[in-house]
Every structure is written in C-alpha cells, then in structure tokens.
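> Sequence and predicted structure are below.
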Amino acid sequence: MKQEKYTFTYIDEFGDICSANFRLNEYHSLMDLLFDKYLQEWGDCKGRAWCGTCHIQILEGTLSAKIQNDEKHTLSKLHGASAHSRLACQIPVNSNLHNMVFKVITENDYGTN
C-alpha cells in the first residue's frame with residue numbers, strides 16, 4: 001500500500017522559497033523533517049521547546065495542535081515572535097501541514113531587507 005505524499009512550502013533564512021514533501025509518520029516533528037532533509041544547524045535543544053532555534057512563522061494555513069506551556073514560554077523570550085510564531089519541534093508531521101506556508105526565522109536572516 002503506497003502512502004500519500006504531502007507537501008508544504010517554507011521560506012528559508014536566505015529568502016528562498018522551497019517545497020518539501022513528506023509522508024505520514026515519516027518524522028516525529030517538523031523540526032526533524034527539516035533538519036534531516038533541508039536545514040543544517042537547527043534544533044539545539046533536540047526538540048524540547050527550550051532553545052527557540054527552530055522558530056517559524058506561519059504565513060498560510062493553520063495548525064490544530066494547541067501551543068503547550070513550554071512552547072509559549074520559549075516563544076515569549078524570542079525577539080520577533082508573533083501570534084503566528086511556533087517552534088517546529090512542537091509541530092507533529094501530519095496531514096495538517098499539507099499546503100501550509102511558513103518562514104524559518106533565524107538570527108542570520110539574510111532574506112529580509
């Protein structure tokens with residue numbers, strides 16, 4: 001039985017628009033998927049919602065998963081965090097990500113003016 005492929009779009013720290021494909025249960029979190037396939041230095045705390053290095057901002061779409069207290073606390077300490085901010089380590093890889101668009105937020109954000 002072949003699993004359905006899903007896709008989402010993200011804007012990396014250089015401002016490049018990238019597409020990512022995945023299957024259900026392929027990765028535990030969005031951070032794991034992006035770290036494995038696309039990004040190099042990400043997720044210093046290994047997915048514990050402590051460091052904020054996997055900060056993203058959702059540009060299109062919504063997530064059904066509610067933000068937990070650890071994630072809220074870390075986001076509250078991040079410069080540039082907004083109501084659309086999330087930590088990729090706390091976002092499960094499931095069909096809710098299909099067709100979403102988000103931006104990776106880093107201290108070295110080369111893609112903005």
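Everything's here; your move. All of these numbers come straight from a predicted model, not from anything done at the bench.
> Could I get the phi/psi values of residue 31?
phi -60, psi -50 (degrees, to the nearest 10).
> ok, it touching residue 88?
Yes - with contact defined as C-beta atoms under 8 Å, residue 31 reaches residue 88; the gap is 3.9 Å. C-betas here are computed from N, CA, C, even on glycine.
> Give me the helices and strands touching the helix or strand of the chain with the lowest mean pLDDT, please.
In the chain, no helix or strand scores lower on mean pLDDT, DSSP states H and E than helix 30-37, which sits at a mean of 87. With contacts taken as 3 or more C-beta pairs under 8 Å, 6 or more residues apart in numbering; DSSP states H and E, helix 30-37 sits against strand 17-23.
> which residues in the chain form strands?
Secondary structure of the chain (DSSP state E): strands at 5-11, 17-23, 55-60, 85-87, 101-104.
> Give me whichever of these is most buried.
Of all these, strand 85-87 has the most neighbours on average by mean count of other C-beta atoms under 10 Å, namely a mean of 24.
> so what strands line up beside that one?
Strand pairing for strand 85-87, determined by DSSP bridges: strand 55-60 (antiparallel).
> How about residues contacting the partner strand?
By C-beta atoms under 8 Å, 6 or more residues apart in numbering, the residues outside strand 55-60 that reach it are 9-11, 30, 75, 78, 80-82, 84-88, 99-106.
> Turn the strands of the chain into TSV, columns for mean pLDDT and distance to residue 44.
Below are the strands of the chain laid out as TSV (pLDDT from 0 to 100; distance: least, C-beta to C-beta, whole Å):
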stretch	mean pLDDT	distance to residue 44
strand 5-11	95	19
strand 17-23	93	21
strand 55-60	96	12
strand 85-87	96	12
strand 101-104	95	14
